[in-house]
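Peer 1: pasted the sequence and its predicted model underneath.
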Amino acid sequence: MINHLKVLFIFSILFLVVAEARIKRKHKHNIHVHHLRHAPLLRDYQDQKLLFAEDPFYSESPPPPPELPSFSEPPPIPFFPPFPFPQPAQETNKALFLVNSIGNWELISENAGVSAMHINLLPTNKIIVFDAKVFRTSRIRLPQGEPCVPYRDAGSTEDKFDCFAHAVEYDIETNQVRAIQVTQGDPWCSSGGVRSDGTFVSTGGFDTGGKSIRYMGPNCDGCEWREYDNVLATDRWYSTQQMLPNGDFILIGGRRSFSYEFVPAEGQRSEKPFYFPFLAETSDIDENNLYPFVHLSTDGNLFIFSNNRSVLLDPISHKIVRTFPVLLGGSRNYPASGMSALLPINLDDPNPKAEVMVCGGNVPDAFHVVETTKVFLPALQDCNRLVITEEFPEWESELMPSGRTMGDLLVLPNGELLLINGATRGTSAWWDADMPNYTPVLYKPEEPKGLRFTVLKPSTIARMYHSTSTVLPSGKIWVSGSNTHNTYKDVDIFPTETRVEAFSPPYLDPNFDMFRPQILEDASQKELTYGTLFEVSFSMEDGAGLSQNDIKVSMYSPPFTTHGFSMGQRLLFLKIYELITETEGSYRVRVEAPPSNVVAPPGYYLLFVVHRGLPGKAIWVNIQ
């Protein structure tokens, strides 16, 4: 109603201006500004002066205004911003397509062989999937002829052989897997990421794997692990790995590891750990500071969230440059296990902001309660945002449709986010959660508060502790894992899961396929240089009236996902310079690559063209 009154008021003012102009021409005498002195649109003489400065009939020294009756209190006058005179019509964004779909699930593999505790999509379009070795079992054996791995049984102290694979390479095009042998340190609850040349780097783990580093690739068929034990400075179990602008990895935290260190070159040893008191300060009886949430800000500093507190660390000077407000309500890191993501970064802005989201988790003693009494406390239901590039930011909070612990928070190619997997009660760790959260939720960060969440179609498979998910080049979500046991169990309230699902978010509704951009890979540039222009060619079945403002180009860094946190996840919206129509249905878009390695660390990204919220299939690009 208020908006309608504003529009009526604006048109009234326009009518008065036009009417006065006509009278002015008819009677050929000056019309002074003071006649409109007390129009509600204007608050004082300076506002009028700004508004009419371009008017040829405007006088620098208008007559004094007539005196008005005095009031003991000034009457309430609503403030409206100065009304701009009509400008030539300009191209504006069309609305996003209104898609009413709530998504779709499909089972794409009955058995991936290994429960997906850790995953990372590689530039080869393979997903590296691996589990702990400590179970000494899986649902896939090593290939015939490949030697089994000898080990000493901790219970019987007997020497035995492990003939199961604890890692696989999952082909996203064929849904087939290849077993991979893990011979050295145990990668249980480790961390990882993809190096700028495409090499997968896995760090830390359990027991013999605490100081291990494993490598795979780059970009080869039939790759095997290259494993190095005892090369990290300290044990990294439940630590977080993040790429820095120079392409190096930093490792932060871990169980009883209140420090960070830098991952050395392959075959070398780490020089030393750097003591980080913040991690000790945020530990409690249940720890609740493991797998800290780490995001690279747009200024090159590291946002580090642990338990319920966060700081900004300069990894070069080793100084904390900012301390953020405490996030009230509970604990967010393992084992309370909330979720976190860096919201999309808009490179159309010369000073792009960085905003972090932290959702879910549980109260600080939830793990202790479930371990000692088997009472599963409700997971937290709040979702919180913080602009970490502001000088004095405050957390903005809202409620999700349901509580969630152990879930994943994925950034989608169109800038929306997806909350998926996990439980509504309890915490991480074996047997410590109940009531699966089967229902994914879509989050639209640009919508007004209160309108951002959409409940989507639920799965039928419980994805509990040790479940994972990732965004595919197709825009689908790969979902697998769930093992709440210290072995593989076929029959249980929550059996060990090796089935793989693909979830199609609403933007993949087939009714909109005609409006979906199809990138022409051979006609598009894939090797990018910071700050330079490049072109992407694409086709579209129905591109009638397509304009530059209808298109976005995003670059997505596929993360390493484990225990509810996607390490290194990053989505950038690039600056578009020009949309060129080649022929009907065929287009080229000229785009500026990210300006520096601070906003886009070097390496491989998925590049998507998005038409009014609908992404097409991505291509891999590399920036150096």
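Peer 2: Right, received. Where do you want to start?
Peer 1: who touches the residue nearest to residue 403 when sequence neighbours are not counted in this structure?
Peer 2: Distances taken as Cβ to Cβ, 6 or more residues apart in numbering put residue 379 closest to residue 403, at 3.6 Å, once the chain neighbours are dropped. The way it works is simple: take the backbone N, C-alpha and C, and place the C-beta from them, glycine included. Residue 379 makes contact with 360, 361, 362, 403, 404, 405, 422, 423, 424, 425, 426, 437, according to Cβ atoms under 8 Å, 6 or more residues apart in numbering.
Peer 1: change it to 10 Å
Peer 2: The neighbours of residue 379, taking Cβ atoms under 10 Å, 6 or more residues apart in numbering as the test, are 330, 336-338, 360-363, 366, 400, 402-407, 422-427, 433, 435, 437.
Peer 1: then residue 598?
Peer 2: Contacts of residue 598 by Cβ under 10 Å, 6+ apart are 244, 245, 246, 296, 297, 298, 299, 300, 301, 530.
Peer 1: I'd like to know which of these are buried.
Peer 2: Among the contacts of residue 598, the ones that count as buried by 16 or more other Cβ atoms under 10 Å are 244, 245, 296, 297, 298, 299, 300, 301, 530.
Peer 1: ok so, going back, what is the most widely separated pair among the contacts of residue 598?
Peer 2: Using Cβ to Cβ, the pair of those lying farthest apart is 301 and 530, separated by 19.1 Å.
Peer 1: need the pLDDT of the nearest residue to residue 133 once chain neighbours are set aside.
Peer 2: Spatially, and ignoring its direct neighbours in sequence, residue 133 is nearest to residue 186 (4.4 Å; Cβ to Cβ, 6+ apart). Per-residue pLDDT puts residue 186 at 96.
Peer 1: what is residue 186 paired to in the beta sheet?
Peer 2: Beta-bridge pairing for residue 186 (DSSP bridges): residue 206.
Peer 1: next up, the contacts around it.
Peer 2: Residue 186 is in contact with 131-135, 166, 204-210, 212, 237, counting by Cβ under 10 Å, 6+ apart.
Peer 1: and the spatially most central residue of the chain, what are its bridge partners?
Peer 2: By Cα atoms, centre = their mean, the chain has its centre lying nearest to residue 411, at 3.5 Å. Residue 411 has the following beta-bridge partners by DSSP bridges: residue 417.
Peer 1: mind checking how far it is from residue 525?
Peer 2: 24 Å (Cβ to Cβ, to the nearest Å).
Peer 1: do the same with residue 380
Peer 2: 44 Å.
Peer 1: what's the first-to-last distance across stretch 334-354?
Peer 2: 24 Å (Cα to Cα, to the nearest Å).
Peer 1: figure out how far that stretch is from the centre of its chain.
Peer 2: In this view, stretch 334-354 has its centroid 6 Å away from the chain centroid, taken as Cα atoms, centre = their mean, to the nearest Å.
Peer 1: so for that stretch, what gets flagged as buried?
Peer 2: In stretch 334-354, counting by 16+ other Cβ under 10 Å, buried: 334-345, 347, 352, 354.
Peer 1: nearest to residue 289 among those residues?
Peer 2: For these, the nearest to residue 289 is residue 334 (8.1 Å; Cβ to Cβ).
Peer 1: who does the closest one bridge with?
Peer 2: Applying DSSP bridges, one finds that residue 334 bridges with residue 290.
Peer 1: how about residue 323?
Peer 2: residue 311.
Peer 1: since we're on it, how many residues are nearby?
Peer 2: For residue 323, the count of nearby residues is 11 (other Cβ atoms under 10 Å).
Peer 1: for residue 513, helix, strand, or coil?
Peer 2: Using DSSP: H, G, I helix; E, B strand; the rest coil, the structure places residue 513 in helix.
Peer 1: and for it, nearest residue in space, chain neighbours not counted?
Peer 2: In space, residue 513 is closest to residue 541, 7.3 Å off (Cβ to Cβ, 6+ apart).
Peer 1: surely the one you found meets residue 611?
Peer 2: No: taking contacts as Cβ atoms under 10 Å, residue 541 lies outside contact range of residue 611: 11.0 Å.
Peer 1: much appreciated, bye for now.
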